[in-house]
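> Give me a 3D structure for the following:
(chains A and B)
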Amino acid sequence: MKHTFAVSIGGAAGQGVATPGNIFARIFARRGLHLNAYNAYQSIIRGGHTFLTIRTGPEPVTSFGDKIDLLIPLNQDTMDRHLGLLGPGAAVVYNGDSVKPGAAAEGVQLCPLPVSELTHNSRNKVEQNTLAVGAALSMMGIGFQPLADVLTHQFKKKGESVVTENVEVARSAYDYATRHFQPFARPLPMRETRTAVLTGNMALAMGGAAAGVKFYCAYPMSPSTGVLHWMAAHARKAGIMVRQVEDEIGVINMAIGAAHSGVRAMCATSGGGFALMTEGLGMSAMIETPVVVIDVQRAGPSTGVPTKTEQGDLWQMLGAGHGDYPRAIAAPTDILDCFKIIPEMHNIADRFQCPGIVLTDLLLSEGTGSVDPADLDFNPEIDRGELITSSTNGANGYKRYLFTESGVSPRAIPGVPGHAHTAATDDHMEDGVLISDEFTNPVKRREMMEKRQRKVAGIEAAVKPPVLIGPADADVTLIGWGSTDGVIQEAREILAEEGITANQLQIRWIVPLHGDAIMEIVNRSRHTILIENNYSGQFARYLRSETSFVPNGHIRKYDGEPFMPHHIVDAVKEQLAGKVTMSVPMHEIMV
Amino acid sequence: MAATIPLIKQVTLPDLKGKVDPDWCPGCGDFGVLAAFQKALVDLQIQPHNVVTISGIGCSSNLPGYVSTYGMHTLHGRALAVATGVKLANHELTVCVTGGDGDGFGIGGNHFIHTMRRNVDLLYLAMDNQIYGLTTGQTSPTSRLGMKTKSAPYGNVEPPINPIALAIAAGCTFVARGFSGEQRHLTDLIKEGLRHKGFAFIDVFSPCVTYNHDNTYPWFKQRVKKLEDDPSYDSSSFAMAMEQSQVWGEVIPIGKFFHKTGQPSLEECEPVLDEGGPLALRDLRVPADAAKEFIEELM
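Below you'll find the predicted structure:
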């Protein structure tokens, strides 16, 4: 079993769950530890219940895991909901003045902090949070200095007195815990390097900057808004024009307009906003102006559960917009992949002059993880395809939509002499003149449709087919797509410890799918199980429609919460025992 | 650069002719708008390759195909959003938007309001015929009360929108009304709109000779009265502009209703555009020191 340590902080929205979470994350990262964090929250600004789990360890941590080592309930509600789930060796650190523990399992250490005693005449109602962090670090076997450094970093904008106050309060709790509480059995080690900590949305935005995006626009929509926030905060330094637009219809059209002028343009939204963008997506395909759209899935349909996760937008992406047209769709598999997929998608969109869709979900986009900073490469390959930005040759007879073998025609941007043309959403001839109206011409229409569709083969050749991870001769092949990569990996590790070997086929490129490569893999599998975070098996149905392949079983979840490793482990075991072919794990915790 | 391409030195009217001739109905008001637009570009000597003419969908939105500038024939109602993107990504281009009343004030109403509020440096020619023409004659947002159309055979019961009053209220910095039957006047308005730094909106009466039998050339000719003919009219006055925008009857004012100078356009308010030229022509790479800083923030 990998050495990991999970700390969960729960409270009402507005009680300051995020700050101790950030402090823990920063301390872990500065010690070179990896981490994975998930925040279960509600669409509420004050009140309700927010529950943040940060899991750390010396090796890469691919999911927020199954078990909590340290619980920090900031209110009674959190104590009541979560205490019962703690096992032997775990501890709960809480405000002994205001929160009362219920019945805990044997071996669970109750650690009440005498908050009023430790803070004296505190003015600060969130000081109990700082106290809890101080106590926790003592019990984890991490010295006090890392906390003092991070608190100084965290509060320096608020002035020296706030820094001093917080450091003193943390110190008092640290010392109190050293005297009164048992340390955790296995202290967290320290590594030589440091990790970088970021959310999936930040990674997507930074990937945009690295890809050379110069125009980003959006309408705020959870859980995609983090991309807008990073972009807006870093726009000037990165030289990116960032605009908040009146609606998502305006967003996609503005992005396409900017792309038409020659920049790399990008936008992000969630399913409801994407629905408004679909007509625009067709325009991108028809006028052959590239655009990259990020869809961060949340639980639908309609407004759905805005703060919960799901992989329910797949068919929306596949079918977005009327008419037939080439598109590319990719589902990044982890936070680092969110960063890497964006330049790749821009290259595809530019080379094939078509829309590119990046499909993430709340789990991945709002989840926090650690990466090796060296992996955040701001000089990725940039391939703009056949783009004419200046006129150096005679442009006699330039045809914007020239028939070519690849289906890709050299694209001149406005302002280049000798290349003026009209890009029309009405279908058109090679020179841009409309096929419709009085010029309707079935021969030209067919040729133009075939020209555009020839790009499909080019896109397929430009993208790597999926590969099998893990032992070739395994008991079971677990198939997933996008954000479930990490939790499936961890489930495989647990299964291996229990004597069941599992390999994994994680699909990253949805379109193109590479059906032949997939069939070659699954035809050699002993048993196949497809895992996805939705009700109807959207990927299973897509895979069947493209390949006729039907897996032996399915594991699905559509309660708004992501898979935990044990959900998959238990379901795989019951399916391999021949009990069922469809498992829908129950999420045990009411968050 | 571009040594082999003889740049057009003197722009003439034939230079602005598109690849095909318009397919509008004979007598359509849109011919007059096209002619005035081309004449304005010639008078101001703007090189066609530095102009992007952008439209939505409808009869009048076919206009970009009939001029030799760069053109975009976008989606129904979306031209202003597309044009904003085009302009922001290359603010050295002259960006003109054309389209009809249904396109601009109906399906595109939201973009109309917000583009004006942002004061993007665009010229917007709304070719207003008070009817849906390309769909063969339904009520539009500017169809008068009582007008009989295929979608309102017993007469329209919905009051029309007032594009002039709406534009003034929305913060548009240049608001004018032209008439396709008044060529010289319309050309002058377009030229002034092109020279205006900011959003210039010109609502142009462009009669539909096929489907609108109420608002015809003679109907307009009897009524239109130029604001410029009234020496006491002050187009910098919000109050006077609003008052004149309400005049509709035996007399219908045309001309420049409102002109606010000195308000910076959106591009001028964007620090990202302060130096470095158009975004579209810049190096794609993020400066190395910025990239380093972005990563250090995460540690």
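> hey, let's count contacts and neighbours off CA atoms from now on
Fine.
> And the strands in the stretch 451-591 of chain A?
Per DSSP state E, counting those that start in this stretch, the stretch 451-591 of chain A carries strands over the ranges A:468-469, A:476-481, A:502-507, A:509-511, A:528-532, A:553-556, A:582-583.
> looking at the ones you listed, which is closest to residue B:125?
Taking Cα to Cα, strand A:509-511 is the member of those nearest to residue B:125, at 40.7 Å.
> That closest one pairs with which strands, and in what direction?
Strand pairing for strand A:509-511, using DSSP bridges, gives strand A:328-330 (antiparallel).
> For the partner strand, the averaged confidence score.
Per-residue pLDDT values over strand A:328-330 give a mean of 98.
> And stretch A:420-429, by the same measure?
96.
> got it, and stretch A:90-103?
Stretch A:90-103 comes out at a mean pLDDT of 94.
> likewise stretch A:48-65?
pLDDT averaged over stretch A:48-65 gives 95.
> And stretch A:13-29, by the same measure?
Computed over stretch A:13-29, the mean pLDDT rounds to 91.
> buried residues in it?
A:13, A:15-18, A:20-29 (16 or more other Cα atoms under 10 Å in any protein chain shown).
> Just those: which are in strands?
Among the buried residues of stretch A:13-29, DSSP state E puts residue A:13 in strands.
> of the buried residues of stretch A:13-29, closest to residue B:104?
Among the buried residues of stretch A:13-29, residue A:13 lies closest to residue B:104 (Cα to Cα), at 42.9 Å.
> Wait, that closest one touches residue A:52, no?
No - Residue A:13 lies out of contact with residue A:52 (Cα atoms under 8 Å); the separation is 11.2 Å.
> Could you measure from residue A:8 over to chain B?
Separation of residue A:8 from chain B (Cα to the nearest Cα, to the nearest Å): 21 Å.
> Three-state assignment for that residue, please.
At residue A:8 the chain is in strand, as set by DSSP: H, G, I helix; E, B strand; the rest coil.
> Check whether the closest residue to it other than its chain neighbours sits in a helix, strand or coil.
Once flanking residues are discounted, residue A:8 sits nearest to residue A:53: 4.2 Å by Cα to Cα, 6 or more residues apart in numbering or on different chains. Following three-state DSSP, residue A:53 is assigned to strand.
> So in chain A, which helix runs the longest?
Looking across chain A with DSSP state H, the single longest helix is helix A:160-180.
> chain center to that one, what's the gap?
In terms of Cα atoms, centre = their mean, to the nearest Å, the centre of helix A:160-180 is set 35 Å apart from its chain centre.
> by contact count, what packs against that helix?
Counting contacts by 3 or more Cα pairs under 8 Å, 6 or more residues apart in numbering or on different chains; DSSP states H and E, helix A:160-180 packs against helix A:115-119, helix A:127-140, helix A:145-155.
> Dump the C-alpha coordinates for the second one into CSV.
As requested, the backbone C-alpha atoms of helix A:127-140 are provided in CSV (Å, rounded to 0.1, in the frame of the first residue of the first chain):
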residue,chain,number,x,y,z
GLU,A,127,-8.7,31.5,14.2
GLN,A,128,-10.1,28.2,15.2
ASN,A,129,-9.0,27.1,11.6
THR,A,130,-5.5,28.3,12.1
LEU,A,131,-5.4,26.5,15.5
ALA,A,132,-6.5,23.3,13.9
VAL,A,133,-3.8,23.5,11.3
GLY,A,134,-1.2,24.2,14.0
ALA,A,135,-2.3,21.2,16.0
ALA,A,136,-2.5,19.0,12.9
LEU,A,137,1.1,19.8,11.8
SER,A,138,2.4,18.8,15.2
MET,A,139,0.6,15.5,15.1
MET,A,140,1.9,14.8,11.5
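> Would you mind pulling up the elements that it packs against?
Applying 3+ Cα pairs under 8 Å, 6+ apart, one finds that helix A:127-140 makes contact with helix A:18-30, strand A:91-95, helix A:115-119, helix A:160-180.
> JSON lines for the strands of the stretch 451-591 of chain A, including distance to residue A:80 and mean neighbour count?
Converted to JSON lines, those look like this (distance: least, Cα to Cα, whole Å; neighbours: other Cα atoms under 10 Å in any protein chain shown):
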{"stretch": "strand A:468-469", "distance to residue A:80": "41", "mean neighbour count": "16"}
{"stretch": "strand A:476-481", "distance to residue A:80": "35", "mean neighbour count": "25"}
{"stretch": "strand A:502-507", "distance to residue A:80": "37", "mean neighbour count": "24"}
{"stretch": "strand A:509-511", "distance to residue A:80": "42", "mean neighbour count": "22"}
{"stretch": "strand A:528-532", "distance to residue A:80": "31", "mean neighbour count": "25"}
{"stretch": "strand A:553-556", "distance to residue A:80": "29", "mean neighbour count": "22"}
{"stretch": "strand A:582-583", "distance to residue A:80": "29", "mean neighbour count": "19"}
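> Cool, thanks, talk later.
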